[in-house]
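Undergrad: model this:
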Amino acid sequence: MRVLVTGATGFTGGCLARELKRRGHSVRALVRDPRRGEALKNLGIELAPGNLVRAEEVRQAVAGCDTVYHIAALYREARHADESYRRVNVEGTENVLKACLSEGVNRVIHCSTVGVHGNVDAPAGEDAPFGPMDVYQESKLEGELLARKYIDAGLKGTIFRPVGIHGPGDMRFLKLFRTISQGTFRMIGDGTILYHMTYIDDLVAGIILCGEHPAALGNTYILCGPRYTTLTELADAVAKAVGRKPPRGHIPLWPVKLAARACEAICRPLRIEPPLHMRRLDFFVNDRGFTAAKATRELGYSPQVSLEEGLARTAAWYRSEKLI
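TA: The predicted model follows:
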């Protein structure tokens with residue numbers, strides 16, 4: 001098949017594009033800056049220069065494709081203005097959906113996030129109540145509901161919600177690994193909050209199932225790792241992966257919240273990413289414990305990499321890149 005991947009210069013989109021190419025598909029990547037796509041081009045992946053917010057550029061990228069994997073999004077960084085999230089995650093998503101409809105794409109796979117559920121009662125499934133807790137999650141929910149509207153109106157597609165993605169190449173969890181490796185990590189709060197990690201190879205396998213399995217059409221799936229843990233258990237597992245003793249010591253939550261709000265107030269008007277902000281504190285505040293039972297039952301989704309093995313592989317990559 002000829003497939004298009006948006007967000008292919010990012011971690012998840014790039015891993016997906018490379019795996020689709022490895023499986024023999026003709027892969028095209030929508031990229032804002034072709035210079036960032038050189039590594040993909042060297043693998044034989046076609047680059048389609050374009051921006052999600054420009055409808056005609058999106059349509060040109062979609063033209064001739066059988067399947068579209070829409071992975072691109074503006075992620076949760078406090079330096080971005082609120083309207084930027086809606087422009088990319090909602091309006092950009094609609095540009096993709098409209099292009100898929102007009103170009104007769106056979107299937108579109110839309111990447112949402114478990115963040116649309118907010119704080120959950122674990123283990124949460126696809127029917128857990130929506131409860132976005134910041135502008136990023138709100139924009140992702142609006143984008144997901146838009147995808148649902150198009151699918152219900154006849155566009156062939158599937159929605160998936162990933163959880164805590166990590167693996168070689170990921171930079172979002174680098175700070176956690178680095179501070180634990182350096183012995184400077186301190187738990188904010190009591191460490192009993194739940195978190196759920198998903199190894200990148202398992203996620204990519206699940207995304208492709210969403211794009212190819214007949215039962216996936218019209219459905220929404222949570223894709224997550226084999227199990228969730230408390231933050232204390234996760235920190236201990238990371239410590240083992242980096243060869244350190246488990247971190248000890250806690251910081252009360254409320255003074256950190258005050259500091260985060262102060263950092264945001266100072267940095268956001270200057271378009272500077274604050275060293276500490278409320279969205280980053282979500283990691284220490286909101287329960288994230290999910291189940292992939294629906295994807296397992298209907299698609300045969302079966303994560304193969306244990307939490308410990310995934311963390312070890314991630315730590316090994318950080319070391320190889322001299323990041324820790």
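Undergrad: contacts and neighbour counts: CA atoms only from here.
TA: Fine.
Undergrad: now Arg28, what's its secondary structure?
TA: When classified by DSSP: H, G, I helix; E, B strand; the rest coil, Arg28 comes out as strand.
Undergrad: Was I right to think it contacts Arg2?
TA: Yes - Arg28 lies in contact with Arg2 (CA atoms under 8 Å); the separation is 7.5 Å.
Undergrad: of those two, who's got more company?
TA: For Arg28 versus Arg2, neighbours defined as other CA atoms under 10 Å are more numerous around Arg28 (25 against 16).
Undergrad: Okay, that one and His213: tell me how far apart.
TA: Note on Arg28: its distance to His213, by CA to CA, to the nearest Å, is 21 Å.
Undergrad: Give the buried residues for the helix ranked longest in the chain.
TA: Counting by DSSP state H, the longest helix found in the chain is helix 135-152. Of the residues in helix 135-152, 135-144, 146-148, 150-151 count as buried by neighbour count, 16 or more other CA atoms under 10 Å.
Undergrad: Now do the very next helix or strand once past that helix against helix 135-152: the angle between them, please.
TA: Downstream of helix 135-152, the next assigned helix or strand under DSSP states H and E is strand 157-162. Put simply, strand 157-162 runs at 150 degrees to helix 135-152, going by axes from the mean of the first three to the mean of the last three CA atoms, to 10 degrees.
Undergrad: Within the sheet, what are the partner strands of strand 157-162, with directions?
TA: Sheet pairing of strand 157-162 (DSSP bridges) gives strand 107-111 (parallel), strand 220-223 (parallel).
Undergrad: returning to that earlier point: so what does the longest helix of the chain touch, helix or strand wise?
TA: Helix 135-152 sits against helix 82-86, helix 93-102, strand 107-111, strand 157-162, with contacts defined as 3 or more CA pairs under 8 Å, 6 or more residues apart in numbering; DSSP states H and E.
Undergrad: Apply 7 Å and report the result again.
TA: For helix 135-152, the elements it packs on are helix 82-86, judged by 3 or more CA pairs under 7 Å, 6 or more residues apart in numbering; DSSP states H and E.
Undergrad: Which residues outside the helix it packs on are in contact with it?
TA: With contact meaning CA atoms under 7 Å, 6 or more residues apart in numbering, helix 82-86 is reached by 74, 135-136, 139.
Undergrad: do that again at 8 Å, thanks
TA: Identification of contacts with helix 82-86 by CA atoms under 8 Å, 6 or more residues apart in numbering yields 74-75, 135-136, 139.
Undergrad: So which of these sits lowest on pLDDT?
TA: Within those, the minimum per-residue pLDDT falls on Tyr75 (85).
Undergrad: SS state for it?
TA: From three-state DSSP, the assignment for Tyr75 is coil.
Undergrad: Look up the closest residue to it, ignoring the ones flanking it.
TA: Once flanking residues are discounted, Tyr75 sits nearest to Tyr136: 6.9 Å by CA to CA, 6 or more residues apart in numbering.
Undergrad: Quick check: the one you found vs Ala81, distance?
TA: Going from Tyr136 to Ala81 by CA to CA gives 10 Å.
Undergrad: Return the distance of the residue nearest to His250 when sequence neighbours are not counted relative to Leu20.
TA: Closest residue to His250 apart from its sequence neighbours, by CA to CA, 6+ apart: Met187 at 4.7 Å. Taking CA to CA as the criterion, Met187 is separated from Leu20 by 39 Å.
Undergrad: for Gly206, same thing?
TA: Taking CA to CA as the measure, Gly206 falls 12 Å from Leu20.
Undergrad: Which of the two has more residues huddled nearby?
TA: Neighbour count, other CA under 10 Å: between Gly206 and Leu20, Gly206 has more, with 25 against 21.
Undergrad: Now do the helix or strand hosting that one: which elements does it pack against?
TA: Gly206 is located in helix 200-212, with elements delineated by DSSP H and E. The helices and strands touching helix 200-212, judged by 3+ CA pairs under 8 Å, 6+ apart, are helix 11-22, strand 107-111, strand 157-162, strand 165-166.
Undergrad: Nearest to Glu308 among these would be which one?
TA: strand 165-166 (11.8 Å; CA to CA).
Undergrad: Now do the closest one, average pLDDT.
TA: Across strand 165-166, the per-residue pLDDT values average to 98.
Undergrad: Sheet-wise, list the partners of it with their directions.
TA: Sheet partners assigned to strand 165-166 using DSSP bridges are listed as strand 198-199 (parallel).
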